[in-house]
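Trainee: need coordinates for the below:
(2 chains)
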Amino acid sequence: MSDIDIKRISYLAKLKLPHEKEEFYANSLKDIIKWVDNLKMIDTSETEPLHNVTEKTVSIRKDEINKSNSVDDVLSNAPERAQNFFKVPKVVE
Amino acid sequence: MKSSISQIKDSLRDKKISVEELYDEFLIKAKSSKTNSFNLLLDKENNILSIKESQKRYENGNPLPLDGIPLGIKDLFCTKGIRTTASSKILSNFTPNYESFVTQKLLDDGSIFIGKNNCDEFAMGSSNETSFFGPVKNPWKNKNVPTDDLVPGGSSGGSAAAVAEGTCVASMGTDTGGSIRQPASLCGIVGLKPTFGSCSRWGIVAFASSLDQAGPLTNSVEDAALILNSINKHDFNDTTSSNHVREDYSIGINDKLDQKIKIGIPSDYLKDVSGDILSQIENTKKALIKHNVEFVDVEFKTTEYALSTYYILAPAEASSNLARYDGIRYGVREEGKSLDDIYLNSRTKGFGDEVTRRILIGAYVLSAGYYDAYYRQAQKVRRLIKDDFQRIFNDVDFILTPTTPNEAFKIGDKLDPISMYKNDIYTVPTSLAGLPGISIPSGLSTNGLPLGIQFIGNYFEEKKLLQIAALAEKELNFNEQ
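Mentor: Next up, the predicted model:
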């Protein structure tokens, strides 16, 4: 196992860890990854990954329109809205 | 002894109590409780219409299956117009505009929600200590150290504590790696995790979508069957919802077993367990052997890999599912100069330590260079675990295990995440295989704390599973101990 680059991982997870907590999370992650490392000993060259345990096919419904999630419903929990939009800081100059 | 759903319905039907009086009784008790098992309690005014309609149905002689029954709902189910937080700061201001499939079915059957049960943040925990609203206290006390506050287990810890202390008749929980069965065991009640795909995940705040499953926490196996009747339905809104034919789970639940039942006990699960835990299995064997039940030793080949597999897959799915919390469309927004700053600040300040840790693990095992070694390998091992269960089910009807490796422990005692994760050693393999499991209380530890046993059934065989659990419940007679 290589060393964990906690800055890169938190960047991928869109988290800005406070400086004083970086080591705490890095050590914790290192311990857990070491703990789960025993999976590497198993030969799975002949095994297919399992995504859905019941492996049943998805059921198909009729494509009918029904009313749900009006604009007001969707926006009712928005931290900030402007008319019918979510409001965020400017992203294009 | 607490009344069952059927007994309460009889009292309502016989006018010994009204729906309103029943609601008051539970609400008053819940309000004065010190266990912190509810994040939110609903005053009678919030439910007055449902209470009146329910009463009318009793008076007209046509009550619904769960009419008037006060239920707790884990704060992970979206409830229309009622705050739903997943016990997280980031959702602490969130009020859904829709009802989850499962809670809608419970409402359709006449039940009345008394409040939202505290749980671990985003259902990530085994002790209910990760909640933004503080830990839940187990109503049980260690008789040798009665001053200690104990954990109720988790993540459905508020649900388990509330049912155990009698502040709701039953509660809806969710189980990803043991989150219904483990707290049920530590609080001395019944907890059922149905087969993955039985109960729709639609409207449940997602943790790990290939594992999450809703199920009841109740005072009895019969109550669990009655609730399962309501919630076990196909739903087009959940692509993993199974469309198999459902049975009535309560009819015939106490029927005599008409054929010989073979139960496997995994010897590898019982290595190094305490005498207290071992005696739960021994007592169950003794109780059932006279009922045409044969016990055989079985051995798994994959048990030692189950927790590792789970702690790769569940955080990976969580890391992906929790990407939606960004402070833009709903939830708590932390200000920032740029859009990116809002994302970073909202997420960093909105998630607690355990959730942050799991998002980081997930991001790591999914990241370039590690995906095949961890995530893909874990998915392959998951198949081996499933195959291992199927090999054993070729020979037995059920598997019997302890539910937990220990009794309820002191709040604050397990600080190291790995020792906390090991709490779920007996429940995680079942979850990975997607099989149904039920925990029933089986006896008391030497410290006077409840312990549970778990029966595991084959896919979609909840009917048989509930029957064997009901028989064991009757024979072990925990509530009379």
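Trainee: from now on I want contacts and neighbour counts done on CA atoms only, so please keep to that.
Mentor: Fine.
Trainee: what's near enough to touch residue B:344?
Mentor: The neighbourhood of residue B:344, defined by Cα atoms under 8 Å, 6 or more residues apart in numbering or on different chains, consists of A:14, A:15, A:16, B:326.
Trainee: how close does the most centrally placed residue in chain A sit to residue B:263?
Mentor: By Cα atoms, centre = their mean, chain A has its centre lying nearest to residue A:13, at 7.5 Å. Separation of residue A:13 from residue B:263 (Cα to Cα, to the nearest Å): 45 Å.
Trainee: what does residue B:87 give?
Mentor: For residue B:87, the distance to residue B:263 equals 38 Å [Cα to Cα].
Trainee: more neighbours: which of those two?
Mentor: Taking neighbours as other Cα atoms under 10 Å in any protein chain shown, residue B:87 and residue B:263 compare with residue B:87 leading, 27 against 23.
Trainee: so what's residue B:237 closest to, chain neighbours aside?
Mentor: In this structure, residue B:237 finds its nearest non-sequential neighbour in residue B:202, 6.2 Å apart by Cα to Cα, 6 or more residues apart in numbering or on different chains.
Trainee: just residue B:358 next, same as before
Mentor: residue B:315 (5.0 Å).
Trainee: the one you found reaches residue B:356, doesn't it?
Mentor: No. Counting by Cα atoms under 8 Å, residue B:315 stays clear of residue B:356, with 10.0 Å between them.
Trainee: helices along the stretch 351-481 of chain B, start to end?
Mentor: In the stretch 351-481 of chain B, the helices defined using DSSP state H, counting those that start in this stretch lie at B:353-366, B:377-393, B:417-421, B:428-433, B:462-476.
Trainee: buried ones in the second one, by neighbour count?
Mentor: The one in question is helix B:377-393. By neighbour count with 16 or more other Cα atoms under 10 Å in any protein chain shown, helix B:377-393 contains the buried residues B:377-386, B:388-389, B:392-393.
Trainee: ok, now stretch B:300-316?
Mentor: Those would be B:302-303, B:305-316, for stretch B:300-316 by 16+ other Cα under 10 Å.
Trainee: number of residues surrounding residue 81?
Mentor: In the absence of a named chain, chain A is used. The tally of other residues near residue A:81 (other Cα under 10 Å) stands at 15.
Trainee: that's the wrong chain, I wanted chain B
Mentor: Neighbourhood size, residue B:81 [other Cα under 10 Å]: 12.
Trainee: now residue B:340
Mentor: With neighbours defined by other Cα under 10 Å, the count for residue B:340 comes to 14.
Trainee: over to residue A:56?
Mentor: Residues contacting residue A:56 under the criterion other Cα under 10 Å number 13.
Trainee: and it, that's in a strand?
Mentor: No. Looking at residue A:56 with DSSP: H, G, I helix; E, B strand; the rest coil, it is coil, so not inside a strand.
Trainee: hang on, it packs against residue B:244?
Mentor: No. Judged on Cα under 8 Å, residue A:56 makes no contact with residue B:244 at a distance of 10.0 Å.
Trainee: return the residues in contact with the nearest residue to residue B:440 once chain neighbours are set aside.
Mentor: Distances taken as Cα to Cα, 6+ apart place residue B:190 nearest to residue B:440, at 4.6 Å, with adjacent residues excluded. Taking Cα under 8 Å, 6+ apart, we find residue B:190 in contact with B:181, B:184, B:217, B:218, B:219, B:220, B:221, B:224, B:438, B:439, B:440, B:441.
Trainee: save those residues as TSV, and put in neighbour count and pLDDT too.
Mentor: Converted to TSV, the contacts of residue B:190 look like this (neighbours: other Cα atoms under 10 Å in any protein chain shown; pLDDT from 0 to 100):
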residue	neighbour count	pLDDT
B:181	37	98
B:184	36	98
B:217	35	98
B:218	31	98
B:219	28	98
B:220	23	98
B:221	30	98
B:224	25	98
B:438	32	98
B:439	33	98
B:440	30	98
B:441	28	98
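Trainee: what about residue B:418, neighbour count?
Mentor: Here the number of neighbours of residue B:418 (other Cα under 10 Å) works out to 15.
Trainee: revised request: answer the last question for residue B:278.
Mentor: Residue B:278, neighbours per other Cα under 10 Å, totals 16.
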